[in-house]
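**Student:** how would this look folded up:
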Amino acid sequence: MKPALESNKPKPNSTAATEPPVPLLHKIGRLRLVSAAAALVILIVLAGIYEIAHRPSNPADAACAGAVNTAKRIAPLVRGEVAALAVAQTPFRVPDLAFRDAKGRDLRLADWRGRTVLLNLWATWCVPCRREMPALDALQALLGGADFEVVAVNIDTRDPQKPLAFLKEVAIAHLAYYSDPSARVFEELKTAGKAFGMPTTVIVDPSGCEIGTMAGPAEWASDDGVRLVSAAIRQPQR
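**Tutor:** Got it, this is the predicted structure:
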């Protein structure tokens, strides 16, 4: 009877025996996902390299060559209180930023063409900005005139009276008041790679081109600051 009993035993399911265990399927799936992700990353990197290689030349290159020469000329003065200034290495035209004056009139950075500008973005919520304002005011008192202006643009987005009250509180007397409640000026400079935090300062030559950029505050009215800015204002004889 034993052989008969054995013959009645169910045969193993051949199809089930060939299927891999569930954990193995999950592992294979994960490997495929990782491979696909790696391929996507490689494609993105290659696309970026292609875009950079085929990017058209900046039309400001020729116009801004003089600003790069000025940057090289003042580079030895980047020390002490203004050691954090990054002088321009390549030609760059600063975006034609839009903001308003104290009477609400629309202005653009291009309105200062023909003059050297120390463009500063500040806000009352930025403690280093607040500490820097007296130095900017003193620099304007020392060097401001037909060839140069400190253009300090406030980017407070809420109470418009708060920055005015602050300036009065710390006796700012020589800076004109400019503002951009939308803070778009900061976003434009950030997109251009020229703003990384607050305060942000850009020294702009009479053609609207970058001479140097600083992230963070500085004692602009110090001997180091005055020498540096004075050298930036001076235009070489042609």
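
**Student:** CA atoms for contacts and neighbours, from now on please.
**Tutor:** OK.

**Student:** need the strands for the chain, in chain order.
**Tutor:** For the chain, applying DSSP state E gives strands covering 86-87, 98-101, 106-108, 116-122, 148-154, 178-179, 200-204, 210-215.

**Student:** TSV for those, including mean neighbour count, mean pLDDT and distance to residue 63?
**Tutor:** Compiled in TSV, these are given as follows (neighbours: other C-alpha atoms under 10 Å; pLDDT from 0 to 100; distance: least, C-alpha to C-alpha, whole Å):
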stretch	mean neighbour count	mean pLDDT	distance to residue 63
strand 86-87	19	98	17
strand 98-101	17	98	21
strand 106-108	14	98	19
strand 116-122	24	98	15
strand 148-154	23	98	20
strand 178-179	24	98	27
strand 200-204	25	98	13
strand 210-215	25	98	11
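
**Student:** Same list (those) but as JSON lines, adding distance to residue 77.
**Tutor:** Listed next are those as JSON lines, based on distance: least, C-alpha to C-alpha, whole Å:
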{"stretch": "strand 86-87", "distance to residue 77": "11"}
{"stretch": "strand 98-101", "distance to residue 77": "31"}
{"stretch": "strand 106-108", "distance to residue 77": "30"}
{"stretch": "strand 116-122", "distance to residue 77": "16"}
{"stretch": "strand 148-154", "distance to residue 77": "18"}
{"stretch": "strand 178-179", "distance to residue 77": "29"}
{"stretch": "strand 200-204", "distance to residue 77": "14"}
{"stretch": "strand 210-215", "distance to residue 77": "12"}
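
**Student:** Contacts only, for residue 155.
**Tutor:** 121, 122, 123, 179, 180, 181, 182, 183, 186 (C-alpha atoms under 8 Å, 6 or more residues apart in numbering).
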